[in-house]
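S.K.: A structural model of the following input is requested.
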Amino acid sequence: MSPIYFIRKIYRGLRFLYYKLSRGYSWLISCFKFYLNGVDFQRDFVGYGIPILDINMKGKFSIGKKFWFNGGKYHAMGGRQQQCYFVVAAGGELTIGNNVGVTSVAIICHNNISIGDNVKIGINTVIYDTDFHSLYADMRNSIPERLDGVKTKPVVIKEGAFIGGHTTILKGVTIGKNSIVGAGSVVFQSIPDEQIWAGNPAVYIRDTSPYYQPAFKTA
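M.R.: Residues are numbered from 1 along each chain as shown. Predicted coordinates for the structure are as follows:
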C-alpha cells in the first residue's frame, strides 16, 4: 500500500478523535452557558459546537429531554454553518420540547416561541416572533430609534413537524402537527396539520398522507 493511504488513515483517525472529544467539550461548555443564562434544561442533551445565548433575566428558556444541536464550522457542514443562536428578550418565553434536533439555527424570541416534541429543524433556519423594527418610517428613522410600535406575535411549531434548511419562519405562524416545510421557504402564514408547504412565500403543496408508511405492519 502507498504511503498516502497510511497518511489518510492517520488523518481520518485524528478527525474521529476530534469529534469524540468535541462532543464532551461541547456538552460541558454548553451546560455552563445554559446555567449562566438561567436555562431550564435536561442534562441528556447532545451538542456539537458551542451555542450563542442571550437570555434576558426577565425572559424564560426551557429545553426538554434528548435535545440535539449542531453548529459551527466543523459540525454543520451543509453551507452557512453558523453556531446556534438562542435569544430571548425581556418578557419572552422560548420552549423546546422533547427529542428536538436543530442545526445552525437562530431563534429570536421577544414574545413566545413554542417548539413541540419530535420536531426537526434544518440548517440555517431562522425563527422570529418579532418585526425587530417599526413598520412606520418616522419611528424607524428617529434617533434613537423608537421601538414602542414594534409588533410581536407568538410562533408555534407543533409535534413532529419537519423544517427544511434555510427556512425563515416569521411572527404569528403556527406550523401544524407532522407538517413539512420545504428547504428555503419563507413562512408568514400558518400551516395546518399533516401538510407540505414550500416556496417564497410558502404555499400548500400536498398532504403528507401519501408518504406515510407505518413503522410496523399489523396483522
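
S.K.: Tell me what residue 94 is bridged to.
M.R.: residue 61, residue 113 (DSSP bridges).

S.K.: Could I get the contacting residues of the closest residue to residue 133 other than its chain neighbours?
M.R.: If the residues on either side of it in the chain are set aside, residue 133 comes closest to residue 140, at 5.2 Å by C-beta to C-beta, 6 or more residues apart in numbering. All C-beta spots, glycine's among them, are computed from the backbone N, C-alpha and C. Residues near residue 140 by C-beta atoms under 8 Å, 6 or more residues apart in numbering: 133-134, 146.

S.K.: Tell me the spacing between the spatially closest residue to residue 60 that is not a sequence neighbour and residue 61.
M.R.: Computed as C-beta to C-beta, 6+ apart, the closest residue to residue 60 that is not its neighbour in sequence is residue 93, at 4.5 Å. Distance, residue 93 to residue 61, by C-beta to C-beta, to the nearest Å: 8 Å.

S.K.: Quick check: neighbours shared by those two?
M.R.: Residues touching both residue 93 and residue 61 (C-beta under 8 Å, 6+ apart): residue 109.

S.K.: Between the two, tell me which one has more neighbours.
M.R.: residue 61 (24 against 16; other C-beta atoms under 10 Å).

S.K.: Not counting stretch 175-186 itself, show me its contacts.
M.R.: With C-beta under 8 Å, 6+ apart as the test, stretch 175-186 has contacts from 116, 122, 156-170, 187, 190-202, 205, 208.

S.K.: Separate out the buried members of those.
M.R.: 116, 122, 156-170, 187, 191, 193, 195-198, 202, 208 (16 or more other C-beta atoms under 10 Å).

S.K.: In strands, which of those fall?
M.R.: Among those, the members found in strands (DSSP state E) are 156-157, 162-163, 168-169, 187, 195-198.

S.K.: Reformat the residues you listed as TSV; add distance to residue 53 and pLDDT.
M.R.: Converted to TSV, these look like this (distance: C-beta to C-beta, whole Å; pLDDT from 0 to 100):
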residue	distance to residue 53	pLDDT
156	22	98
157	20	98
162	25	98
163	21	98
168	21	98
169	20	98
187	24	98
195	33	96
196	32	96
197	30	97
198	31	97
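
S.K.: Among the residues you listed, which one lies nearest to residue 127?
M.R.: Nearest to residue 127 among these, counting by C-beta to C-beta, is residue 169 at 4.6 Å.

S.K.: Next up, the contacts around the closest one.
M.R.: Neighbours of residue 169 in contact, by C-beta under 8 Å, 6+ apart: 125-128, 155, 157, 163, 175, 181, 187.

S.K.: For the most centrally placed residue in the chain, which residues are in contact?
M.R.: For the chain, residue 105 is the residue whose C-alpha lies nearest the centre (C-alpha atoms, centre = their mean; 4.0 Å). Neighbouring residues of residue 105 by C-beta under 8 Å, 6+ apart: 69, 71, 84-85, 121, 124-127.
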